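Enquirer: how would this look folded up:
(2 chains)
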Protein chains: 2
Amino acid sequence: MGSLNSDDYQAPDIRSTNPLDSDEFRRQGHMIVDFLSNYYRNIEDYPVRSEVEPNYLSGALPGSAPNRPESIEAILEDIRKYVVPGLTHSQSPNLFGYYQANTSTAGILGDIICSGFNVMGMSWVTSPAATELENLVMDWLGEILKLPKPFLFSSGGGGIIHGNTGEALICTLTAARDKVLKEIGEEKFSQLVVYCSDQTHCSLEKVAHIVGIRARNIRKITTTKATHYGMCPDALRLAIASDIRAGLVPLYLCATVGTTPTCAVDPIEELCKVVEEFGMWIHVDAAYAGAACICPEYRYLIDGIESVNSFSFNAHKWFLSGLDCCCVWLKNPIVLTRSLSADASYLHGDTKEAVINYKDWQVSLSRRFRALRLWLVLRSHGVANLRKYIQSHVRLASIFEQLVAEDDRFEVFSKRRLALVCFRISPSALYKKQGETQRSGDDKAEAISTDDDTVNKVNEAFLQRINRTGRVFITHAVVEGTYVMRFAVGATLMEERHVRMAWKLVQHQADVILSEPI
Amino acid sequence: MGSLNSDDYQAPDIRSTNPLDSDEFRRQGHMIVDFLSNYYRNIEDYPVRSEVEPNYLSGALPGSAPNRPESIEAILEDIRKYVVPGLTHSQSPNLFGYYQANTSTAGILGDIICSGFNVMGMSWVTSPAATELENLVMDWLGEILKLPKPFLFSSGGGGIIHGNTGEALICTLTAARDKVLKEIGEEKFSQLVVYCSDQTHCSLEKVAHIVGIRARNIRKITTTKATHYGMCPDALRLAIASDIRAGLVPLYLCATVGTTPTCAVDPIEELCKVVEEFGMWIHVDAAYAGAACICPEYRYLIDGIESVNSFSFNAHKWFLSGLDCCCVWLKNPIVLTRSLSADASYLHGDTKEAVINYKDWQVSLSRRFRALRLWLVLRSHGVANLRKYIQSHVRLASIFEQLVAEDDRFEVFSKRRLALVCFRISPSALYKKQGETQRSGDDKAEAISTDDDTVNKVNEAFLQRINRTGRVFITHAVVEGTYVMRFAVGATLMEERHVRMAWKLVQHQADVILSEPI
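Expert: Got it, this is the predicted structure:
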């Protein structure tokens, strides 16, 4: 690899090739496809979570860009040598952490075509197909989810693919803010209040901050195990009433269907009834659980959706579509475009008819042709198989749940929803162990505490031990002060054997940790 | 294509395939690569700007998603039949509109690998390689641009790849806002003022609105032809002084290097001197022109950059990297992360050392592994060839400029910068034509106005006529009331023959339009 040296930047012997030569594209493209095919074939051979140390890359690669071209072969070799070991393999069937960002052949191919066309999708004129296929696919998906007609383009609503939930929240919150301030006056900006729960994704708080909602006006309703960590409508009612008494203005409610910590579900229908008299904007964030709503048996999770203003779900989580693909529907998109339209002479096409310009539905101007990905996913799999795929993951999670329940050293924490099982080593197992330790010890043995903090620490150490094996990667959450392990099924390649293997590993590590002193 | 029918969603005979089978991925992947290779081979055969009418797609494709899987062959056939005709071909060497969003084999391949790995890049732990390669490549690129050391990770600064300028602006503006409000108190929110020029990209105004800056506090400094539409430091000084007298608080200056309408350049060094005493945040948006700053002869465009807080350039415009790739550097990233950190138990890794978590540098949580694209572009081409490539485009634009200048029916409007030529049919040509019309007409011929409005209308009709040929696509801007055609060189595949062909077409259409009655 050459190093950057500005003195020879016009070295005359440098070959000047066409950077987009179709034959060379074909040759190199096939090479990359083969590389990825092999990657998928061998994906289980890698430690799931990367084992590198911070700053592993600095020093491994040159400190400056090369002055002369390097071959794709050399680059691929460096990817194998330096990049792959630094990956935490999102697509590994042994990754049970977070909610997965899963993809599929169809998702990847759709993205390859998107990258290949590389059209500017900001306005209708910059590629009518990009806009219209997105319109179409959002109506397709809305129909599969049985969204009420007012959310579909065909009935005056409409959808857009944002990059992520943060973008969906920033756009809808800005629209809600502007609408209310127009009614009550800009000077009341500082009185606007946003409602969510203590389980709502942290993006909401960040986004509210960005659009200028004061930190003290973000109301996180406390949830409890009694409602399986769903938002309690009465608690919301009390919070709103208190804010109104204090002269504040309720603006926006973010309800979640499938929270990140435990897949809790806020009861949309009841929450809508609470807020309806206040004219608040209601957004439903179903980033993870939305995918399951294509199955008739889980559609009830979004019952009441007809009363909300906007709804989002991330097809890049559990819908095989790859990052980044957050689907958002609105009943009244004009409220959005009123806030987010950007106009300039250089953007004017000469289309006389009214067309949709997605630049006016989002923060940024430029955008990728993301609809291709979703269109390929829907067509390559078909709706029936997509439902089966969701159902198969829920079944795998229920197997794991059963295994946990059958081992009295563990407990399932909170109700399992969909394909997420929250569990931990139970305090009673530690209590029993404590008893054994004391029995076997001499008289001087001090009482070992099995208070909450100790239970949490044992579980944390336990999870770290599991993850250090490299054979699985499970993540955690802290809910009401309790450290729980989150076992999420959702990787595309996951089969029953992966779940059973993970459970064996968990059991084995439990044997070890429970035989050591606390 | 089947239609959605929920009654048969569990039809038992549907084949259930592995959605990420490595052999099937290989087979279909090769097919897509070949498809794109052929697309590039034949890209000049298509009308540059799509010729479809609004709503062309509705009715052409089924109104519902298919219930059963469809083959990649069938999908590709529909792409050929319905998608390709709806594309405005961003990669066509005959697209001279906007600023191009260009890409290259390296850019596309980098993106394919990104889609294939599909890792979650939000935190260091979710894929150390995604974070560390981005650190590395931003330092590489910063060095090539000769950014002062404080912008590089190696010296306490750092960079991030955002999706687009809008995101760069929203993040830096929020950081600037929070920093100032912490000093002067939240209650002064409504007094914050953002400065730009009347040539600044419309994204700035949208973003300022989103973060809560009042519309009346966005100061667009008027520019004139005298400064080639660059922002005049004295005018900025007057505006700031006036705002301070009115009790307002100067917050943020967005200076542009290479504006969208005419590629005007705001004089960074002088503007910095004006604002230095007010402690304002200065952001430099070099979305388009930043790429040229890798050439020593254009680096002067960002002279003074050492005094600004943040700097962005879109590698997806003129740097072969494909959408979306906005590179942003900051001297003091901690100001950004103070505003944008999002924290939750479920995001905690067990790394003890301080690591960079890019989620705290941006709006959203999830992010793609965009650095791969830029890394492949830099390595596949090498810095020397990237410079040559920029230089070759500037040369092509200067050829076009010369051709315009030699035809007295046209005029070059404002100074050519880099690879953008703004031009129009000159008023004098129309005046001459008007004289001819009057001489050849009878006594009743009314005097035909060649006022500004008429000149604009003739140019607008002229450009529409050119674009309707489908052989080129040129866009326009309106500057100080003047309609100008913007001839941008910048597509990856562009050669001298394309520029000369475009000029012939322009001349031919001028022959026609100037022979018709005004």
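
Enquirer: next, residue A:355: phi, psi?
Expert: As for residue A:355, its main-chain torsions (degrees, to the nearest 10) stand at phi -130, psi 160.

Enquirer: that one contacts residue A:126, correct?
Expert: No - no contact is recorded between residue A:355 and residue A:126 when judged using C-beta atoms under 8 Å, the distance being 11.0 Å. The C-beta positions use only the backbone N, C-alpha and C, and glycine is treated the same way.

Enquirer: what about the residue lying closest to residue A:303 once chain neighbours are set aside, helix or strand, and which?
Expert: If the residues on either side of it in the chain are set aside, residue A:303 comes closest to residue A:269, at 5.5 Å by C-beta to C-beta, 6 or more residues apart in numbering or on different chains. Here residue A:269 is covered by helix A:268-275, with elements defined by DSSP states H and E.

Enquirer: list the contacts of the residue nearest to the spatial centre of chain A.
Expert: For chain A, the residue lying nearest the average C-alpha position, counting by C-alpha atoms, centre = their mean, turns out to be residue A:317 (5.3 Å). Taking C-beta atoms under 8 Å, 6 or more residues apart in numbering or on different chains as the contact definition, residue A:317 lies against A:99-102, A:287-288, A:291, A:490.

Enquirer: so where do the helices sit in the stretch 251-400 of chain A?
Expert: Assignment of helices within the stretch 251-400 of chain A using DSSP state H, counting those that start in this stretch yields the ranges A:268-275, A:315-318, A:333-340, A:371-406.

Enquirer: just put those in a markdown table and tack on mean pLDDT.
Expert: Supplementary listing: the helices of the stretch 251-400 of chain A in a markdown table, determined by pLDDT from 0 to 100:
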| stretch | mean pLDDT |
| --- | --- |
| helix A:268-275 | 97 |
| helix A:315-318 | 97 |
| helix A:333-340 | 94 |
| helix A:371-406 | 97 |
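
Enquirer: out of the ones you listed, deepest packed?
Expert: Burial among those, expressed as mean neighbours by mean count of other C-beta atoms under 10 Å in any protein chain shown, is greatest for helix A:315-318, which shows a mean of 28.

Enquirer: now do that one: distance to the chain's middle.
Expert: 7 Å (C-alpha atoms, centre = their mean, to the nearest Å).

Enquirer: neighbours around the nearest residue to residue A:324 once chain neighbours are set aside, how many?
Expert: Distance criterion C-beta to C-beta, 6+ apart; nearest residue to residue A:324, sequence neighbours excluded, is residue A:163 at 4.2 Å. By other C-beta atoms under 10 Å in any protein chain shown, the residues close to residue A:163 number 28.

Enquirer: from memory residue A:163 sits against residue A:328, does it?
Expert: No - taking contacts as C-beta under 8 Å, residue A:163 lies outside contact range of residue A:328: 10.6 Å.

Enquirer: low-confidence ranges in the stretch 351-500 of chain A?
Expert: For the stretch 351-500 of chain A, residues meeting the criterion pLDDT under 70 lie at A:351-352, A:435-450.

Enquirer: just to revisit the earlier point, so who does the residue nearest to residue A:324 touch?
Expert: Contacts were defined as C-beta under 8 Å, 6+ apart; by that measure residue A:163 touches A:324-326, B:163, B:364, B:366.

Enquirer: of these, which is the nearest to residue B:221?
Expert: Each of those was checked against residue B:221 using C-beta to C-beta; the closest is residue B:163, at 27.8 Å.

Enquirer: gap between that closest one and residue A:278?
Expert: Separation of residue B:163 from residue A:278 (C-beta to C-beta, to the nearest Å): 35 Å.

Enquirer: residue A:355 and residue A:126: which has the busier surroundings?
Expert: Between residue A:355 and residue A:126, counted using other C-beta under 10 Å, residue A:126 has the larger neighbour count: 28 against 16.

Enquirer: would you mark the buried spots in stretch A:298-311?
Expert: By neighbour count, and taking 16 or more other C-beta atoms under 10 Å in any protein chain shown as the criterion, the buried residues in stretch A:298-311 are A:298, A:301-302, A:304-305, A:307-311.
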